[in-house]
Each structure stands twice: as C-alpha cells, then as structure tokens.
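Trainee: return a 3D structure for these sequence lines:
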Amino acid sequence: MQIVLAERGTTERPLDPKGATHYTLDDAQLVRLAEIGINVEQHFGSPQDIEWAYAGGRFWVLQARPITNLPPQPLSDVRWEPPFPNSAWWRRQVVENMPEPLSPLFDELYVREGLELSIDAMMAFFGLTYFQVEDFVDRPLFTTVNGYAYTRANYKPLRWSALPSLLRVTVDEFRVMFRDEGLAYWREQALPAYLTTVERWKATDPASAPDERLLAGVRELALADARYWFACVLMLARAKITDALLGRFLKVAGRGRDLISGMFLRGFPSPTVDAGAELEGLAERIRGSNELRTLVAATPAEDLPKALRSTQVGRDWLAAFARYLDRYGHQVYNLDFVVPTQADDPLPVLLSLKAMVQQAGHDPRARQRAIVAERDTLVEETARSFDPLRRKLFRLLLGWAQRFGPHREQALFYMGAGWPTLRRLALELGRRLTESGSLLAAEDVFFFETSEIRTALSARKHDKTKPELPKLARERRELREARKRLHPPPVVPPDYKVRFGPFDMSAFETQRRNVPEGLTLRGFAVSPGQVSAPASVIRSPADFSRMEPGTILVCPTTTPAWTPLFSQARGLVTDIGGVLAHGSIVAREFGLPAVLGTGEASKRIHHGQRITVDGDRGMVLLEPDHEGLALKV
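Mentor: From the prediction side, this is the model:
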C-alpha cells in the first residue's frame, strides 16, 4: 500500500506485488537518515517522533516532537539479593496487596514506618510485656527489593530458654483470636477509629488548608491504614488457621476424593458480593432502557460520563453510579496510594459495565443462593461419608472455618478506605508545588519522601524553586515503570528455605515454584471445578479493556477493585495468593474454578492462549501455541 497525493489531501493505493520488490532508499541513504534522527534526539535531549521527507536528492526534517509513551528500557544486571546481611524475605501477608513496585512516599510512610508501628500496636493489644519481637526476629520486618515489598522470612535461632515465652505467647494469641475479644477489637475499636480519622480529614477543604496541614493529613491517613492492618491480621489469622485445620483434615480423612476446604467456604455474605450485586443492578438499568443501551453501546468507556450527562435518563443513572462509588469507590486496585482507587479512576469499572451490559442479566443473589444450596448439600454428603468420630471432628472444624472465614473479607474491605481522601490532600500539595516550579505534574508528589516534600514547600514559601526535583521525579517514575517488567521471586534470596527453628515454613508461601517452561503450572487449589477457555491476561487496571467475556482471567493478583472482571470470567489464575486470598473468596462466590499462587502465570500464558484450569487439583494446563511449543518466559 502506498499513500499518494490526491486532489484533496492524500489517498491510499495498492501496490503491484511484482513491482514492489525494490527498496526505496539505499544503504547510504538509510545511514544518513539514522544520523539525522540521532542528531535531532541529541539536540532535544529525549526520544523524538520525527517526520521527514526525501526530495531533490536530500532529506528534509519536517517535524519533531517528544515521544511520551515509550515503554521503559529493560533493566540490566538485576539481582534479587537481601538488602541487609544474613536476612531473608518473602512476599506474603500484606505485601500480597502490593503487586507492583512501590512509590517512594508509600514505601516510606506505609512500609517502613506504618507497618512497623502496626506490629508494636499488636504487641500492646496482646499485652505481651514478657515477650519481645526482637527476641525472635530482627527489625525491620518489612522492606523492598528492587522496589517490590517483602516481609521478613528469617528468624533467630530458637533457644531452649525462649520456649516457655514462645509457648505462652502462642496460647495468649490463640485465646485472643478465638474468643470474641479479637472480633470485638476489630469491629468496635479499630474499624471505627480508622473510619473516624478518614471522616475528619474528608471534611478538610484541600484548597484552603495550609501546606503543613495537607502533609500532616497524608501522613496520618497512611499510618492509620497501616495500624488498621493489625486488626485485619487478627481476622486473617483466625480464618487461615481454621481453614488450614479443615484442609488438613480433608486431605487425610478424605484421601483420594479431591476435597478442598474452599468447597465448603462459599456463599457467605460480604461487602464484595454486595458491590457486585449493585454493579449488576446498574448494568440492568442500562439494559432496560433503549436510550441508555444504545448510548452506552456506541460510546467509548472514557467518554461515557460526558455522554450520559447530555440526557435526563443518563444523569439519573450517573447519580446512581455516584452513590455506588461513594459506598465502594475506596476499593483499591493496588494498596500503594500512587495508584488511583475506583473513586479516583472509575474507567475500569465503566469498561466492565459495558461488557456486563452486553451479556445476559445475572442475579447475583440468586447465584449466591444456588451456591449456598450446593455447599450445604456437599456438607451433608461429606459428613455422612465419615464414621461417627470423623464426622464429629469434621463438623467441629467446619464450624470454626465457616464462622471465622467471612470476617476476613469484611475486614479487608476497608483497607485503603482513606486513600481517596489522602490522594486529594497529596495532589493539592503537588498542584501547589507544580505552580511554584518544583514539580512538573501534581502526581510527582508521590515520588518524594516527606523530607523532600518539606524542602520543596519551604522553598515555595520563600518564592523559590527546587530545579533538581522535576528531574529526580522523572527518574524515579521511569525506574518504577522499568521495574514493572521484573518478576519478583517469592523468596529472597530465591533459593532460601524458610524455617522457624525445626519447622519448615514453606507451606505458608503464596507462590508455587514452577519450572520456567512446559505445559503445566502448579498452584493452590482454591475454588473447585474445571474449565477450558482462552485466557485474558490482565496485568494491571490499564489492561481491563482487554478482558474478553467468557475467558479465564489470568493476572498477578486481585484486590477488591478487580471484582467487576469476575462477572465476565469463566475461571481465575494468579501469580500470588492462597486459599484465603481475595481472588479465592470471590471466585468461590462466582462459582469460578480457580488456581492461585502459580508464581508466573501472567508471564507464561499469552493473551488468547487456550488453557485448562483444574480448581480441584491446583493445576493449570497450557495448550501449545501455533508452533506446537509451550510459551517460555
């Protein structure tokens, strides 16, 4: 095809294949063109989009402008080494909610400061004056390696003299966790205190607040969410312990029957289920209106708010959508507050809504009732299959797991509840520093630590700028983007075997260790069933538009804000996660076969590749690509 001048503008004209076998430019001309391109780039100091022409025996540069969307250059010589001598780290617990490299401000306030304070709050709550964390593990307990968050995995040698204290603290922790005082602490103290802090700062007008107050709000909200994490830990610990006991019993007592705990932990109410039901209701309102259905089908998701505001029925729908975001919009795609929440960036939700509208209507409540009926039938069948002693033990362990399991999702729903408010305060600071010339964009504020922000604010107060800050922000942004292409190992150093004294702790890892090639991936069986379908590989919210209805969702991990994708999926596969991860719980509520913790599925599986998910055995089978070979890392 060639583009040629026409009477008005240009037109395309097919080329004769027989006459289009010669090159337009010879080697010498190509070398000269490359030299010109390099000279233009060096002149402007950045990669350029250059338009050129060749006429009259010479090249002519017509236009040059910066390229702003180039992918980052791959990092070279990346090593996954501990940041402290003789230490080891793994990606589990809270860091499972941080799938990407961290922003500097989040790293400082949440990981290095907030989570350490959360541990101290936990010790104070338990009243463990006779026990010191430092007796068993070194500080810090959290760090980053190549920008990715990790938690401490190596423990001090277990001394016989420390056993009495260890046994006592274990008994005390179990007493608090399994009695109502742990639940009461979360429900009556920790959660109300956190939400009160959020409401207080939500009432602050960012535009009129002094610089120092804005920064104080960012700091207080970050630390408050990190402290709230401890209350979540209590709920998580109860759920994980009781689930592990049930799972172990089923593996031994039901040997050969492929029974997993997830089969019995389905159909329970949760804020995530409520959010899904409300979103389905919004989609049904669109299906039920010819005007709305036509408008939504013809309008790109990013243009929907503007288009809907042009009609009364559209404005009514937007009001309902705003109420949805007010209740559920704090849900995070990533716990790092550099990433917008649903309320800050509803585009991924709108993309999912457009897909939901095109599908037949589903009643989430009816689906949940069906899952409950299926679950209860399985409970009775399983109980009858055991002898009286095992039947009694099964019902005891099942009762514990079903009692404590739902609290986990309810507690985690509020993680990041303060982020929409924190982001408003931080972005107002960034806007002011942009106006003063110390930043190029308001979002750059997340790429500085508080001491650097204070320095910039001090310069602003004296009508000065910090000319080195824009360059530093750009460098840190580019480094974070480049690090997104890395694949953090589950443990650092990668060959470290996690142990606590004589106990092997590898069972608590959230990623299986798979070979780097082949047609099979092992993971954790978290939601029963088998399904074969093409894969939709979604690595971040930026990829939500690539989610195809009726496919298997393959991603690094999921958080509550990913839930809208589940209504389009037939199965789930993740890199990180276990039986009580968010994705596991939601997959069970949607009745999707799921395998989590494969370690590298989002890298090994390509978009559109057909795969089979075996949620009973924890296996993912990859069909060969068009060349008959499994895709390699």
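Trainee: could you pull out the helices for the stretch 301-450 of the chain?
Mentor: For the stretch 301-450 of the chain, the helices defined by DSSP state H, counting those that start in this stretch cover 304-308, 312-328, 347-358, 364-385, 388-412, 419-435, 450-461.
Trainee: need the contact list for F249.
Mentor: By CB atoms under 8 Å, 6 or more residues apart in numbering, the residues touching F249 are L393, F394, L397. Any C-beta I mention is one placed from the backbone N, CA and C, and that applies to glycine too.
Trainee: oh, I was asking about E449
Mentor: P104, L105, E108.
Trainee: most neighbours among those, which one?
Mentor: Of all those, the most densely surrounded is L105 (24 neighbours; neighbours counted as other CB atoms under 10 Å).
Trainee: that one contacts V338, doesn't it?
Mentor: Yes - the criterion here is CB atoms under 8 Å, and L105 meets it with V338 at 7.4 Å.
Trainee: and for these two, which residues touch both?
Mentor: Residues touching both L105 and V338 (CB under 8 Å, 6+ apart): F446, F447.
Trainee: lowest mean pLDDT across the helices of the stretch 301-450 of the chain, which one is that?
Mentor: Here the lowest mean pLDDT among the helices of the stretch 301-450 of the chain goes to helix 347-358, at a mean of 87.
Trainee: can you point out the buried residues in that one?
Mentor: Along helix 347-358, these residues count as buried under the neighbour rule (16 or more other CB atoms under 10 Å): L347, P348, V349, L350, L351, S352, L353, K354, A355, M356, V357.
Trainee: go on, stretch 383-400?
Mentor: Neighbour counts over stretch 383-400 (16+ other CB under 10 Å) mark F386, F394, L397, L398, W400 as buried.
Trainee: ranges for the helices of the stretch 51-200 of the chain?
Mentor: With DSSP H, counting those that start in this stretch, the ranges of helices along the stretch 51-200 of the chain come out as 104-106, 115-126, 163-178, 180-184, 191-202.
Trainee: least confident of the ones you listed, on average?
Mentor: helix 163-178 has the lowest average pLDDT among the helices of the stretch 51-200 of the chain, namely a mean of 66.
Trainee: where does the closest residue to P494 other than its chain neighbours fall, phi/psi-wise?
Mentor: Take P494 and drop its neighbours on the chain: the residue closest to it by CB to CB, 6 or more residues apart in numbering is W80, 5.8 Å away. W80 adopts backbone torsions of phi -100, psi 80, taken as degrees, to the nearest 10.
Trainee: can you check A569 too?
Mentor: The phi/psi pair for A569 (degrees, to the nearest 10) reads phi -90, psi 160.
Trainee: grab the nearest non-local neighbour of it.
Mentor: Spatial nearest neighbour of A569, excluding adjacent residues (CB to CB, 6+ apart): L553 at 4.2 Å.
Trainee: surely the one you found is in contact with R546?
Mentor: No - L553 lies out of contact with R546 (CB under 8 Å); the separation is 10.6 Å.
Trainee: how near is P66 to Q73?
Mentor: 16 Å (CB to CB, to the nearest Å).
Trainee: touching, S540 and E100? I think so.
Mentor: Yes - using CB under 8 Å, S540 is in contact with E100, at 7.2 Å.
Trainee: the two: which has the busier surroundings?
Mentor: Per other CB under 10 Å, whichever of S540 and E100 has more neighbours is E100, with 22 against 16.
Trainee: I figured R513 hits P490, correct?
Mentor: Yes - judged on CB under 8 Å, R513 makes contact with P490 at a distance of 7.1 Å.
Trainee: which residues are in contact with each of these two?
Mentor: Common contacts of R513 and P490 (CB under 8 Å, 6+ apart): G599.
Trainee: contact partners for W562?
Mentor: By CB under 8 Å, 6+ apart, W562 lies in contact with Y333, C555, H582, G583.
Trainee: also V492?
Mentor: V492 is in contact with W80, E81, P82, A88, W89, W90, V145, Y150, counting by CB under 8 Å, 6+ apart.
Trainee: now the fourth one. Nearest residue, chain neighbours left out?
Mentor: Taking CB to CB, 6+ apart, and ignoring the residues beside it in sequence, A88 has N154 as its nearest neighbour in space, at 3.9 Å.
Trainee: tally of neighbours for the one you found?
Mentor: Close neighbours of N154, defined as other CB under 10 Å, add up to 17.
Trainee: can you read off the pLDDT for it?
Mentor: On the pLDDT scale, N154 is placed at 88.
Trainee: same question for D504.
Mentor: In this prediction, D504 carries a pLDDT score of 64.
Trainee: quick one, which of R513 and P490 is more surrounded?
Mentor: With neighbours defined as other CB under 10 Å, R513 and P490 compare such that P490 has more, 23 against 14.
Trainee: identify the residues contacting the more buried one.
Mentor: W90, R91, E509, T510, Q511, R513, G599.
Trainee: how is the protein carved up into domains?
Mentor: Domain assignment for the chain, taken from automatic domain parsing, gives 2-66, 512-622.
Trainee: tell me the span between the first and last residue of the first one.
Mentor: In terms of CA to CA, to the nearest Å, the two terminal residues of domain 2-66 are separated by 26 Å.
Trainee: low-confidence ranges in this protein?
Mentor: Residues of the chain meeting the criterion pLDDT under 70: 17-21, 68-69, 126-131, 158-163, 165-166, 168-178, 361, 500-508, 625-633.
Trainee: which helix runs longest in it?
Mentor: helix 211-253 (DSSP state H).
Trainee: how deep is the closest residue to F524 other than its chain neighbours tucked in, by neighbour count?
Mentor: Excluding the flanking residues, the one nearest F524 by CB to CB, 6+ apart is G597, at 4.5 Å. By the criterion of other CB under 10 Å, G597 has 30 neighbours.
Trainee: got a list of what G597 touches?
Mentor: The neighbours of G597, taking CB under 8 Å, 6+ apart as the test, are E509, T510, Q511, R512, G523, F524, T574, D575, I576, G577, G578, A581.
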